[in-house]
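Asker: From the sequence below, what's the structure:
(chains A and B)
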Amino acid sequence: MSTVVTRFAPSPTGLLHIGGVRTALFSWLYARHHGGKFILRVEDTDRERSTEEAVKVILDGMAWLGLSADEGPYYQSRRSNRYREVLTQMRASGHAYYCYCSKAQLEELRSRQLAAKQKPRYDGRCRDLKETRAGAEPVIRFRNPTDGEVVVDDQVHGRVMFQNSELDDLIIARSDGTPTYNFCVVVDDLDMGVTHVIRGDDHLNNTPRQMNMLLALGATPPVYAHVPMILGADGAKLSKRHGAVSVLQYQEEGYLPDALLNYLVRMGWSHGDQEVFSRAEMIAAFDIRDVNKAASAFNADKLLWLNQQHMMRSPLATLAGPLRAQLASMGVQTDDLGLLEGVANAQRERCKTLREMAVNSLYFFKDFGAYETKAASKFLNADSAPILQQLSEGLAGLADWDAAAIHATIAAVAERAGAGLGKVAQPLRVAMTGGPVSPPIDLTVSLLGRERALARMQRALSYTKGPPPAGAPGT
RNA sequence: GCUCCCUUCGUCUAGAGGCCUAGGACACGGCCCUCUCAAGGCUGGAACGCGGGUUCGAAUCCCGCAGGGAGCGCCA
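Answerer: Numbers count the residues shown, from 1 in each chain, chains lettered A, B, ... in the order given. Predicted structure coming up:
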């Protein structure tokens, strides 16, 4: 049985964004589904444009998402010797040759072709040069077949044919001797035993050239799958101006990695009517052959919805850590895991992100400032004072501080006042949280803990007796 | 300009000739539930780019057109 080997090969010239992540995800899923191997390879042959920061985002991003590699990361910048070796071999076998054309000459050729409305391409004038020129610094070109055709049996596009006559002899090594992208990819995929190349469909046009080189090296080309790209929310190509942000920004904004992955896998792929997938479900159901051909636009609302769906389904333990981190970024430190999980449990179906959860849960972790003006005037006034008083007494006398007991107290007060639960819950809610919105009030009170809840009752009670002078600090 | 790719609701998609009065999801509107906010349930509006074929029958097959994208670099 042949083992599947896939790879993700980003170039660290820009920050890893969701487009790259989706490609990585498909490769990873395919390998996992088939029990194969997933390789991470950093294509940093362009030393000018590659940055340390971009490499770090790739590594950190993949780690955060849990897209674990079985091999790598490999760095092309450390494989120069191997490339040189293959270059020599290809020249010896006649599959590659020195080209002495200057950039100026090439530019002249190019503009002449463009003027004649022809496809710009190298005309092969150095193809059959007999001798090497001393002192010159030639590039090395691949001797592409001049006739026949190349058939790409693409897993998502089907059979795509290219005429060799449309291809020219591409440069595989610069005049300084360094190898170029298309060549490195070929050598790497060959050396690393990659069986399935899953990449963006902007590479479909490169594929016949790469296959020809592989053939020249006596290798069997891998299976190719060119996946469509992801567009910005406005339907335009994803770019810095159109929402192309580092994948790590989603972590900062409070998204769960599984939710992001779930969102991304559904772009260009589906499994019946299922929308929410766990990692295991994705792995079990994914097949690269089910991937669509058309590009898809990013939709932030759906990501938000999915994030909430995942928060609602996650074990509380996986929510506590990120929630604590969000709180910390707001200056609230806590190590109370029990409280964090309790709050996450109470809030997860009313928040779209962990950041939103943190923002809406601050009153659980520290005292709030002033009451919200509107809520206070509506619910903390002379009318509600008697109710708050009874609530205060009832709660203070509770033997067990749990939601059920608290609920009973609230119900009893409402009953005695001949009022609906709402008449009691809202004043209590404002007293506890400073505002009119929170999880179920009994749960909220129990989470706050006896001491804190009772103190806030007192604060509310004194507030109803007369608001403090304007500008007075709240507690 | 040349080559290659793509085209179902606003968005993500189902759809492999009759199961389509084109299904689901997000978003939006209405209703229900309800201590607030949510979550949840029900419900409404909303799409096969255009034109020719093939066929008893086409969103599905063929051809053309239009629109969009990619490649054509000593970038990756």
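
Asker: how many neighbours does the residue lying closest to A:Ile171 once chain neighbours are set aside have?
Answerer: Of all residues beyond its chain neighbours, the one nearest A:Ile171 is A:Val139 (4.7 Å), with distances taken as CB to CB, 6 or more residues apart in numbering. Every residue, glycine included, has its C-beta placed from N, CA and C. If you count neighbours by other CB atoms under 10 Å, A:Val139 ends up with 21.

Asker: Distance check, the residue in the stretch 1-150 of chain A that RNA strand B sits nearest to against A:Met312.
Answerer: Of all residues in the stretch 1-150 of chain A, A:Ser11 sits closest to RNA strand B, with a separation of 2.8 Å (CB to the nearest atom of the strand). Distance of A:Ser11 to A:Met312, given as CB to CB, to the nearest Å: 38 Å.

Asker: Going by neighbour count, list what's buried in the helix or strand of chain A with the lowest mean pLDDT.
Answerer: Taking mean pLDDT, DSSP states H and E as the measure, the helices and strands of chain A show their lowest mean at helix A:103-115, namely a mean of 86. Neighbour-count burial for helix A:103-115 flags A:Leu106, A:Leu109 (criterion: 16 or more other CB atoms under 10 Å).

Asker: Ok, stretch A:205-224 next?
Answerer: Of the residues in stretch A:205-224, those buried by neighbour count under the rule 16+ other CB under 10 Å are A:206-214, A:216, A:221-224.

Asker: ditto for stretch A:62-80
Answerer: Taking 16+ other CB under 10 Å as the criterion, stretch A:62-80 shows A:Met62, A:Leu65, A:Leu67, A:Ala69, A:Pro73, A:Tyr74, A:Gln76, A:Ser77, A:Arg79 as buried.

Asker: Averaged pLDDT, the helix or strand A:Arg459 falls within. What do you get?
Answerer: Per DSSP states H and E, A:Arg459 falls inside helix A:450-464. Helix A:450-464 shows a mean pLDDT of 91 in the predicted model.

Asker: Is it in proximity to RNA strand B?
Answerer: No. Using CB under 7 Å from any atom of the strand, helix A:450-464 never reaches RNA strand B; the gap is at least 14.4 Å.

Asker: what's in contact with that helix?
Answerer: Counting by CB atoms under 8 Å, 6 or more residues apart in numbering, the neighbours of helix A:450-464 from elsewhere in the structure are A:367, A:371, A:376, A:380-382, A:384-385, A:388-389, A:391-392, A:395-396, A:398, A:401, A:427, A:430-432, A:445, A:448, A:475.

Asker: Can you say which of the residues you listed are buried?
Answerer: Buried members of the contacts of helix A:450-464, scored by 16+ other CB under 10 Å, are A:371, A:376, A:380, A:384-385, A:388, A:391-392, A:395, A:398, A:401, A:427, A:430-432, A:445, A:448.

Asker: could you pull out the strands for chain A?
Answerer: Counting by DSSP state E, the segments of chain A that form strands are A:5-8, A:37-42, A:71-75, A:96-99, A:139-142, A:149-154, A:158-163, A:171-173, A:196-200, A:223-227, A:230-231, A:296-297.

Asker: So for A:Asp258, which of these sits nearest?
Answerer: Each of those was scored for nearness to A:Asp258 using CB to CB, and the closest is strand A:37-42 (17.6 Å).

Asker: helices or strands up against the closest one?
Answerer: Secondary structure elements in contact with strand A:37-42, counted by 3 or more CB pairs under 8 Å, 6 or more residues apart in numbering; DSSP states H and E, are strand A:5-8, helix A:18-33, helix A:52-65, strand A:71-75.

Asker: mind running it again at 6 Å?
Answerer: Counting contacts by 3 or more CB pairs under 6 Å, 6 or more residues apart in numbering; DSSP states H and E, strand A:37-42 packs against strand A:5-8, helix A:18-33, strand A:71-75.

Asker: Fine by me, we can end here.
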